[in-house]
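Asker: quick one, structure for this:
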Amino acid sequence: YNHNNNNNNNNNDKILPKKKISFFQKSKSNKKKQTTISTHILGKSYHPVLDYALRREDESSLLWFTYRSDFPIIQPYNISTDSGWGCMLRSAQMILAQALRMHYGGREWRPPKSCVKRRQDPLFSNIMTWFADFPHLDSGS
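Answerer: Residues are numbered from 1 along each chain as shown. So this is what the prediction gives:
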């Protein structure tokens, strides 16, 4: 790939050496060996096939905040949903909630799978309360 728009190819060859990108690496014996592309989630590495169940369990334990709708209208814009602009807010909330989760519960902490047990879990309950939206409080009624 030539980053320079000049037609002087001799200088470009010296600046940008041509290198083939491959999913194979040459070992010391000059034979090609296949390298595995891992999935990384919050500092943990997962093999795409061998660690599939572990990765899915880790992904499913992440806290997920979605858009809000039907909240009191924001005047003068007549907005009653955060769809289209709330992604930054929700992303920041998820990052902060995950940081709090890791701080108070550790990297290996998982919320209980049962909804009833999740509500009873002190850490999960606290984090959800800290990020809860209470539309009736927003309107002042």
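
Asker: for the helix or strand harbouring residue 98, packing partners?
Answerer: Counting by DSSP states H and E, the element that carries residue 98 is helix 87-105. Where contact means 3 or more Cβ pairs under 8 Å, 6 or more residues apart in numbering; DSSP states H and E, helix 87-105 is packed against helix 122-130. For the C-beta atoms, the positions are set from N, CA and C on the backbone; glycine is no exception.

Asker: show the pLDDT at residue 64.
Answerer: Note on residue 64: pLDDT of 88.

Asker: quick check: it vs residue 111, distance?
Answerer: As judged by Cβ to Cβ, to the nearest Å, residue 64 and residue 111 stand 11 Å apart.

Asker: of the two, who's got more company?
Answerer: With neighbours defined as other Cβ atoms under 10 Å, residue 64 and residue 111 compare such that residue 111 has more, 20 against 9.

Asker: quick one: contacts for the residue nearest in space to the middle of the chain?
Answerer: Nearest residue to the geometric centre of the chain (Cα atoms, centre = their mean): residue 41, 7.6 Å. Residue 41 makes contacts with 55, 58-59, as judged by Cβ atoms under 8 Å, 6 or more residues apart in numbering.

Asker: on that earlier part again, next one: the helix or strand following the helix holding residue 98 to chain centre, how far?
Answerer: Downstream of helix 87-105, the first helix or strand assigned by DSSP H and E is helix 115-120. Its chain's C-alpha centre and that of helix 115-120 lie 24 Å apart, by Cα atoms, centre = their mean, to the nearest Å.

Asker: neighbouring strands for the longest strand along the chain, and are they parallel or not?
Answerer: Longest strand in the chain by number of residues (criterion: DSSP state E): strand 69-74. Counting by DSSP bridges, the strands paired with strand 69-74 are strand 79-81 (antiparallel).

Asker: noted, bye for now.
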